[in-house]
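this one's structure only:
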């Protein structure tokens, strides 16, 4: 039986390779970053653009000599938007001595919360995970480092208020959301604001996978007839919502989407910029390629004789990846400085993260201030609107209704 | 296992049904116990233990599903939902009433068994693809109920943090400690399944699978046994969900969506329907192979690509290889890894004097 023998050979070879991988050695002046990604799972439409941004920024840092002399090695693990691989990824990062970890996905963040605390490695969850994690006292090792769903909901209402002439009394706002925990999260904030601002709020749930929402949109446009629509959708759903709302002749300039329905790819999938003209999007990182850091990355590629990375075509996600990497790097820089150049531990990096302040990366990152109590960094967002075939900045970084959000943070924690 | 059986003759039905078909099997079991209880935890890094932990949890769920699909011939596409029933039952009991794991774990299993038996009621009238759709409906209904009932799900995030399991006042939290916790329940599940399938109940299940009308004629109450099969199978699923909950420290229904049901079906089909060893091999294959593939590819890809490109290449190549290997194994042996193992064993039985 030659088969059996060939088989054994193949198994042995695979085993040997596994061992070789395990024996990867760590250098003296090297720091390890763990990054969880979703390149093949349910939300791969985000991951394939976001993760290259992360790697490109780290490569840029390394090409300039690293952070305070320390080179960064990124271990990326594709968690496929599933929980068990996320756990495996965390253990792998821990084994290789990662000083911090970029999480990916709301259920994955929930599942990692306890483990991160036990292992004393910080994890960042920009734009997903639970809003309550902004409270650094209750969630010491989870760092949203970007506007939580609560902050996004509050900012969307504030934007609607500004667009509707500064008063929401008697106005009608529709909330079109993906029917999962992440989709429902801003509801508490919207309901409170409906009372205090005096507008009528009606909610329209879209069941997974969110590609069929004709009934909900018809209900919005024909029956409820709102003055503004706040959409909070994921995956393919945002493009479907644009198409459906446009199809029912609802003015796109009265629609604002939270951060996961705001990419160029969503607009293109909906049929292009002409259809989405006027559509407003919330962003937690700057949009477009007109930033010094992106130019640096492209210059780096040029010196290597390569073209600019294709992931930049969706700059919304690409820039978010760059932003996450930049904040990670900034936290580590703070930690190294605080230790006077010595190699920081994961707990030093946590302290470093809690001192990230006034780091704007040429306007791409909001003026956030992460502290021990506030892991969200203030909850800043920017509105970018579709105008003349591209996303155009519509106002500066802003945040809204902070007292209300703080009240909820105190109440839940 | 690898052993020879010459000179062993069975003269009674009892001997034929014995858990250890041969004297040497006893020693194989002892060797396995030593391997898993002593050698592996002492020699492996915590990271590898965490991978084994994930496989151990999957083994429990795969065994349960195999009782239903493999032994009784009833299909279920709703097993992930039964896991979430177990998970939320245990999490609520652990948090609201402060109960320890040795109460919440069977309670989660029993609640899942109850719900599973209810979802299994359509199996009394329909079979095959129709039943698959009925259980699919069960999966979606349970997901919806948990998502929309804060009393069960614990609020908008639909996740409940549970305390770590503690044994004699000692909290189990590292991967090494959780390994023993999970190993115990996985071993229990394996032994229980081995015993169920050789008992009166197990034989009734097999009779129903092979020909339900014939089974009814020889006096098997097929209504009772079909529901019993759903209940037992869901009990395993519930326990699997509770183990996930304690392992991760959180119950979250998004971990138990339709894709997970499909993953578990894949495990038992790859492993071999209607076999205990097949469930184990299938669970190990599906949980560990993607990780092994990545570990094997990393040093290779590192030679050709930069770190950023490598991640993208590995993520996609791994999926292609994983899918390719599933097809390869099923083409080589459509009856699964269990059958493949038996073929290898039979070959070595007469080796080197094969004919």
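Alright, I've got the coordinates. Note that this is a predicted model, so its numbers are computed, not measured.

what's near enough to touch residue 161?
Since you didn't name a chain, this refers to chain A. Residue A:161 makes contacts with A:167-168, A:197, as judged by Cβ atoms under 8 Å, 6 or more residues apart in numbering or on different chains. The way it works is simple: take the backbone N, C-alpha and C, and place the C-beta from them, glycine included.

actually chain B
A:113-114, B:95, B:249-250.

Between the residues you listed, which sits nearest residue B:139?
Of all these, residue B:139 sits closest to residue B:250, with 20.7 Å by Cβ to Cβ.

Find the nearest non-adjacent residue to residue A:389, please.
Nearest residue to residue A:389, sequence neighbours excluded (Cβ to Cβ, 6 or more residues apart in numbering or on different chains): residue A:273, at 4.5 Å.

Which helix or strand contains residue A:288?
Assigned by DSSP states H and E, residue A:288 falls within no helix or strand.

swap in the one 10 residues further on?
If you go by DSSP H and E, residue A:298 is part of helix A:292-303.

same deal with residue A:405?
Counting by DSSP H and E, the element that carries residue A:405 is helix A:402-412.

helices or strands next to that helix in the packing?
Secondary-structure packing of helix A:402-412 (3 or more Cβ pairs under 8 Å, 6 or more residues apart in numbering or on different chains; DSSP states H and E): helix A:149-163, helix A:187-197.

Tell me which of those is the most buried.
Highest mean neighbour count of these: helix A:149-163, a mean of 24 (counted as mean count of other Cβ atoms under 10 Å in any protein chain shown).

got the angle for that helix vs helix A:402-412?
Per axes from the mean of the first three to the mean of the last three Cα atoms, to 10 degrees, the angle that helix A:149-163 makes with helix A:402-412 is 150 degrees.

so where do the strands sit in the chain?
Going with chain A. Assigned by DSSP state E, the strands in chain A fall at A:30-37, A:71-78, A:98-102, A:122-124, A:142-143, A:172-178, A:200-206, A:228-232, A:255-257, A:280-283, A:382-387, A:390-393.

actually chain B
Listed in chain order, the strands of chain B (DSSP E) span B:159-161, B:166-167, B:170-171, B:250-252.

export these to JSON lines and tack on mean pLDDT and distance to residue A:100?
Formatted as JSON lines, the strands of chain B follow (pLDDT from 0 to 100; distance: least, Cβ to Cβ, whole Å):
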{"stretch": "strand B:159-161", "mean pLDDT": "87", "distance to residue A:100": "22"}
{"stretch": "strand B:166-167", "mean pLDDT": "86", "distance to residue A:100": "30"}
{"stretch": "strand B:170-171", "mean pLDDT": "84", "distance to residue A:100": "26"}
{"stretch": "strand B:250-252", "mean pLDDT": "88", "distance to residue A:100": "21"}
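
Point out the most buried one among the ones you listed.
Taking mean count of other Cβ under 10 Å, strand B:250-252 is the most buried of these, at a mean of 29.

How about that one and chain A, touching?
Yes: Strand B:250-252 lies within reach of chain A by Cβ under 8 Å from any Cβ of the partner chain, at B:250, B:252.
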